[in-house]
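A.B. asks: take this sequence and fold it.
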Amino acid sequence: MTNDRFFGRQYYIETLSKRISGLKDGYRQNIAFLGDEATGKTSVIMHFLSRLDDNRIIPVYLDVRPQIPAQFFRRFLAALLYNFLRNSDTPLKEDLNFLIVKSEKYIPRTCEKVRAILSNLEKNKKDTIFGDLLSLCDSINQETGKFCVLILDEFHNLELMGIKNLYRDWAKVLISQKNAMQIIMSSSKFKAKRILAEDLALLFGNFEVIDVEPFSAKDTENFLYNRLGRDFDRSLANFLVHFTGGYPFYLEIISGALIRSLKGGGALTQVILTDTLEESLFEETGILNQKFSNCLKTLSENSSKVDCASVLYLISDGHNKIKDMAHILHKQRKDIVTRINFLLEASIISRNGDFFQINDRVFSFWLKFVYQLKVDALNLDGTAQKDVFRDAINGMIKEFSVNSQKPLLERTMELLHLFENEAVCVERKRLKLDQFREIKSLRFNCAGLKDGLIGRSADSLWIVAFKQGLVTEDDIAEFSRECKKYKQKVQRKIVITPDCVDANVRLKALDEKILTWDIDNLNQLLDLFSKPRVVI
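C.D. replies: Here you go, the predicted structure:
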């Protein structure tokens, strides 16, 4: 998204602002911005930089792409000097020699170090160059009092360059560097977290990890109304909240296509929405079809003899446990695990207990309703497959609409009926999804909590309460007393609310061994069972 169309993300912008202010005040905190592809990490950074008006800050943004080290080193030097000179009156050229000459009158000692680095490059003495590059930020600070903010986008690609002593030299600089800040970004969350936990795990100079999430349901809805106006069925807006998962990239692509479809006027209808999704996802020239086709092609090239497409399709189709995949593919468990580990390392999928998920919801839909259709196609013109695709879209919209009319209690009861003793994590707590022999609704004798569910399994009891509105500490206390009426020793006590839960209330619930879930937690479980999300 361009800066003039930037939307939301206030938390991330405020965090960046605070860290920049802290840097100038002598408190340096490096940041790791991690998030799935298409969650808008780069858009957040670019929006922030476009509005950063501080002559004491030198932002240096580098998109890290696989290339030979010497090329990256030269790009680094050029970017550093270019951004140093941006606030001067010097007409700029993207030429390293030109930038060195123009910078020498302001930062002669730094430029001397730059020339020394280039000389070592010419002599193929590269062992310490990465550390030397990072240290240039300190040199600029010593000569000018200005602070460099180095931003490395997709930093994990540095590993692919074969840079000698990469993490050893990087760690040394991170520990000692006080007047420069680093922001590293990665869409490969699995690999990035491994690097931060193993290679860059430091006592001083460590990275504050910020997980960049998609838009919330409310922000997604506001985004759509901002782009499309409010002259369309709210249920269609809610469906797009569910379908896109709030990923800014997909919202921008789909809303842009809808705007073009509506340029003659009129309201957004289900037919127009289906046409738009067909054009983007199904047609050979569709932008999302091409994106996902290229993604699968790259994946197959990098995975060598490991067939990942079949595993991805099964996960997209709801067969997302290893035992199910092994059974359907007639493979041994170890063969499935090999494919799973490759996809985890590539951050294409993630694991939650016994379940696996494709991180990109729209990619998952494309695998299920486009890729597999075309693989199985018998006729070349694709007419039959197109009809199946449209039926799938309309079926999803209908299923979502029907489920949207159901009370939260009914949706939760249906979810509990799907449990088969699987293990999951919710709010970083491991949870066994007990297979219940009985599930029924109940009423509580509480002032704030009335509606609930009870589920009985062979060895445990689940008691679930629902609260419309903010949960209070009194609600927790009353619910705890109600649960004590049941004598079964193993109890799982849960309060579900559409609203956020106050920190003090969470602490009170923790003391009472009560889980507090919001709609995001419930949707996390619905996703694992391939059921439509709840959109409030």
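
A.B. asks: okay, helices next: where are they in the stretch 201-350 of the chain?
C.D. replies: 217-228, 234-244, 248-261, 270-277, 287-302, 309-316, 322-329, 333-345 (DSSP state H, counting those that start in this stretch).

A.B. asks: contacts only, for Tyr225.
C.D. replies: Taking CB atoms under 8 Å, 6 or more residues apart in numbering as the contact definition, Tyr225 lies against Ala237. In short, each C-beta sits where N, CA and C put it, glycine included.

A.B. asks: how about a cut-off of 10 Å?
C.D. replies: Contact criterion CB atoms under 10 Å, 6 or more residues apart in numbering gives Asp231, Phe232, Arg234, Ala237 as the residues in contact with Tyr225.

A.B. asks: I figured the second one hits Ser255, correct?
C.D. replies: No: counting by CB atoms under 10 Å, Ser255 is not a contact partner of Phe232; they are 11.3 Å apart.

A.B. asks: quick one on the thing from earlier: which one of the helices of the stretch 201-350 of the chain lies nearest to Glu473?
C.D. replies: Distances from Glu473 to each of these were compared using CB to CB; the shortest belongs to helix 217-228, at 25.5 Å.

A.B. asks: what about the closest one, average pLDDT?
C.D. replies: With pLDDT averaged residue by residue, helix 217-228 scores 90.

A.B. asks: now do it against helix 234-244, angle only.
C.D. replies: For helix 217-228 against helix 234-244, the angle between stretch directions is 110 degrees (axes from the mean of the first three to the mean of the last three CA atoms, to 10 degrees).

A.B. asks: tell me what angle helix 217-228 forms with helix 248-261.
C.D. replies: 30 degrees.

A.B. asks: start the count at 23, not 1, going forward
C.D. replies: I'll keep to 23 as the first residue from here, and by that count the last item is helix 239-250.

A.B. asks: does the residue lying closest to Lys535 once chain neighbours are set aside sit in a helix or strand, and which one?
C.D. replies: Closest residue in space to Lys535, ignoring its immediate chain neighbours: Lys515 at 6.5 Å, by CB to CB, 6 or more residues apart in numbering. The secondary structure element spanning Lys515 is strand 513-518 (assigned by DSSP states H and E).

A.B. asks: mind giving me the packing neighbours of whichever helix or strand comes after that strand?
C.D. replies: If you walk from strand 513-518 toward the C-terminus, the next helix or strand you reach (DSSP H and E) is helix 525-533. Based on contacts counted as 3 or more CB pairs under 10 Å, 6 or more residues apart in numbering; DSSP states H and E, the elements that helix 525-533 packs against are helix 495-505, strand 513-518, strand 536-539.

A.B. asks: contacts for helix 525-533, please.
C.D. replies: Contacting residues not belonging to helix 525-533 are listed as 449, 492-499, 501-502, 515-517, 519, 522-524, 536-538 [CB under 10 Å, 6+ apart].

A.B. asks: chain center to that helix, what's the gap?
C.D. replies: A distance of 27 Å separates the centroid of the chain from that of helix 525-533, by CA atoms, centre = their mean, to the nearest Å.

A.B. asks: please save the CA atoms from that helix in CSV.
C.D. replies: Extracted as CSV, the C-alpha positions of helix 525-533 are listed here (Å, rounded to 0.1, in the frame of the first residue of the first chain):
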residue,chain,number,x,y,z
ALA,A,525,-5.1,-7.5,32.3
ASN,A,526,-6.3,-7.4,35.9
VAL,A,527,-9.2,-9.7,35.0
ARG,A,528,-6.8,-12.1,33.3
LEU,A,529,-4.7,-12.2,36.5
LYS,A,530,-7.8,-12.9,38.6
ALA,A,531,-8.8,-15.7,36.1
LEU,A,532,-5.3,-17.1,36.2
ASP,A,533,-5.5,-17.4,40.0
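
A.B. asks: any idea of the angle that helix forms with strand 513-518?
C.D. replies: Between helix 525-533 and strand 513-518, the angle formed by their directions is 160 degrees, by the same axes, to 10 degrees.
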